[in-house]
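Engineer: all I have is the shape, not the residue letters:
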């Protein structure tokens, strides 16, 4: 009998997914999301119902998942909520929602909520049910559906439901299964479901729509037609960019301002005149949030105020282009991490970026991206999230010159429209690692009497680094002293104050691609050079070298890494002593490591009798790292880690 029983067990196959759930900190028995669209007199609402059953296996699962998490938007729009802990012994503990939503004033909105669910222990199950709503405009009746979460789920469902008079258009991508559809005179109902979904651990470099199945849908009038690029241009581009023609007085001010800035360059090329006007605003005008009551103000109004906002600046650019009779296109772009643009299914709300393209004197296509609150773009500079992505160029097709009423929004507040458009796709430019760089050069001098190290510093960034870090600087008060720029740099790289810049001596911004930004200064070196005694100095290499490393942030490797750009990070450090030196362990520790996706070079040498030279260069060579190759990223970072752990001993040869 024992032999028969053993033989029988060999035929029972373990369910791999059941094992995955069993070995996870937590997993879903089911997770259901129901979305309902409804029309009201003053707009639309979307009701979202969440129903989950979460099994918690471990103490870590309790620590990470036994919480009710609601952002500020959801917490102020809850319609109903019920949270229960189903204990392993069969008892039930219900969360008192009045404690979660307790507040002193009814006028004060709730903030984000992170509330512990009571009495949860390993082996218990958390049952979550709540409904919240969203107020929507007609242009926002759309959404994405993917069935993934950060935890394994035995059964996942999502439903979309609408009322009478609606139609739902959708398209599946990456082999997303077709939904079950019910459609009649009173409703449209779509259901998507999947069993045994592995949890996905996401980070900022992943692109879920690039790899995993998903569906895009839009809720529309039952008799509406498919969207066209003409409709996108008339609605989405015109409403953002068409200038106002209401204020006659300010209109004359605009003309005088334009003549003054162009000055003696009135006989130069159209593009050169545009550049003069563009740079005048870029360098001397403030960018602020839109103010109530200023949406219908003309360009002249903002010129007189010496400030713009993200809406008026677009109208200003378009007015300049039209006045100078420069041919231009509307550009519709999409962040790399949001997946590619679909040319066949032109969707609402798809475009994260709407801007301009024009040609210079030589016929080269240039991009004109409007300034935002903290971003001050040069001509042909675009957000890094658009590097090497596909965009759509749209331009009105017309045989005769534009009339004035086709250029402006007039007193009737009606947008001008076009009858037909020409459409083309373009690959937006990127910048490679030779021009996406950080370069730091430090020349320091050790004062052995005061036991203090001072330095001269040069910091230069280019390409994507320049675009991103300059925008970070823009978040500072624009009237602060230049020395506070380094405070921003310190915050950007971390709180460590090893390289403490005390005085900024110069700042230079290039207006040409790749838009380098350079800063020079003087300062003090802290905690990196330590005196053991009057003759021995200890140097911590890890304190000096701080590269912008691309980290593999998780042990999972379910998705590829999609980077905005590849780059190099170069650090050159000279340490000068007032006397000759002897360095212990100098002959060891140099690195020259290369693989398909990165390089790391480190060299330490005694370049003079009294000088040490450190050279550390970290490179990421590609902007796409397949999940199968993330081990190469780890090996690259291990090289940096091994160098940063080293400490040198320098013997001073005092006379």
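Structural biologist: Okay, I see it. In this text, all values refer to a predicted model and were calculated from it rather than measured experimentally.

Engineer: return the distance of the helix or strand where residue 161 lies from the chain's centre.
Structural biologist: Using DSSP states H and E, residue 161 sits within strand 153-162. Centroid separation for strand 153-162 versus its chain: 28 Å, with Cα atoms, centre = their mean, to the nearest Å.

Engineer: kindly report the same for stretch 146-164.
Structural biologist: Counting by Cα atoms, centre = their mean, stretch 146-164 comes out at 26 Å from the chain centroid.

Engineer: ditto for stretch 29-41
Structural biologist: With Cα atoms, centre = their mean, you get 28 Å for stretch 29-41.

Engineer: again, but for stretch 232-244
Structural biologist: On Cα atoms, centre = their mean, the centre of stretch 232-244 falls 25 Å from the chain's centre.

Engineer: and for stretch 358-377?
Structural biologist: Its chain's C-alpha centre and that of stretch 358-377 lie 20 Å apart, by Cα atoms, centre = their mean.

Engineer: ok, and what's touching it?
Structural biologist: For stretch 358-377, contacts defined as Cβ atoms under 8 Å, 6 or more residues apart in numbering pick out 269, 271-272, 274, 278, 282, 287-289, 308, 310, 313-314, 317, 321, 326-329, 331, 353, 355-357, 379-383, 426, 428-429, 467, 470-472, 474-475. C-betas here are computed from N, CA, C, even on glycine.

Engineer: redo that, cut-off 6 Å
Structural biologist: 269, 271, 282, 287, 310, 313-314, 326, 328, 355-357, 379-380, 382, 471, 474-475 (Cβ atoms under 6 Å, 6 or more residues apart in numbering).

Engineer: stretch 323-340 now?
Structural biologist: Outside stretch 323-340, the residues that reach it (Cβ under 6 Å, 6+ apart) are 207, 209-210, 233, 237, 270, 274, 321, 341, 351-358, 385-386, 389, 391-395, 562.

Engineer: can you list the strands that the very next helix or strand once past the strand holding residue 161 pairs with?
Structural biologist: Moving toward the C-terminus from strand 153-162, the next helix or strand (DSSP H and E) is strand 166-173. Take DSSP bridges as the rule and strand 166-173 pairs in its sheet with strand 214-221 (antiparallel).

Engineer: in the helix or strand following the strand it pairs with, what's buried?
Structural biologist: The helix or strand immediately downstream of strand 214-221 is helix 229-232, counting by DSSP H and E. For helix 229-232, a neighbour-count test (16 or more other Cβ atoms under 10 Å) marks 229-230, 232 as buried.

Engineer: what packs against helix 229-232?
Structural biologist: strand 421-427 (3 or more Cβ pairs under 6 Å, 6 or more residues apart in numbering; DSSP states H and E).

Engineer: buried residues in the strand it packs on?
Structural biologist: Under 16+ other Cβ under 10 Å, the buried positions of strand 421-427 are 421, 423, 426.

Engineer: so what pairs up with residue 393 in the strands?
Structural biologist: Judged by DSSP bridges, the bridge partners of residue 393 are residue 331, residue 424.

Engineer: for it, grab the count of nearby residues.
Structural biologist: Residue 393 has 19 neighbours, counted by other Cβ atoms under 10 Å.

Engineer: I'd guessed it sits against residue 422; true?
Structural biologist: No. In this structure residue 393 lies outside contact range of residue 422 using Cβ atoms under 6 Å: 8.4 Å.

Engineer: quick one: low-confidence ranges for the stretch 101-250 of the chain?
Structural biologist: 245-250 (pLDDT under 70).

Engineer: on that earlier part again, what's the ChimeraX line that selects buried ones from the contacts of stretch 358-377?
Structural biologist: Command for ChimeraX that selects the buried part of the contacts of stretch 358-377, burial taken from 16+ other Cβ under 10 Å:
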select :271,287,310,313,314,326,328,355,356,357,379,380,382,471,474
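
Engineer: just the ones of the contacts of stretch 358-377 in helices?
Structural biologist: When the contacts of stretch 358-377 are checked against helices (DSSP state H), the matches are 271, 282, 313-314, 471, 474.

Engineer: geometric centre of this structure: which residue is closest?
Structural biologist: residue 385 (6.8 Å; Cα atoms, centre = their mean).

Engineer: tell me which stretches of the stretch 251-400 of the chain form helices.
Structural biologist: Secondary structure of the stretch 251-400 of the chain, counting by DSSP state H, counting those that start in this stretch: helices at 270-284, 299-305, 312-323.

Engineer: distance to residue 223 added to those helices, as CSV?
Structural biologist: What follows is the helices of the stretch 251-400 of the chain, written out as CSV (distance: least, Cβ to Cβ, whole Å):
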stretch, distance to residue 223
helix 270-284, 44
helix 299-305, 39
helix 312-323, 33
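
Engineer: residue 391 touches residue 429, doesn't it?
Structural biologist: No. In this structure, residue 391 is not within contact of residue 429 by Cβ under 6 Å, at 10.4 Å.

Engineer: those two - which one has more neighbours?
Structural biologist: Between residue 391 and residue 429, counted using other Cβ under 10 Å, the more crowded position is residue 391 (22 against 13).

Engineer: from residue 158, how far out is the more buried one?
Structural biologist: 30 Å (Cβ to Cβ, to the nearest Å).
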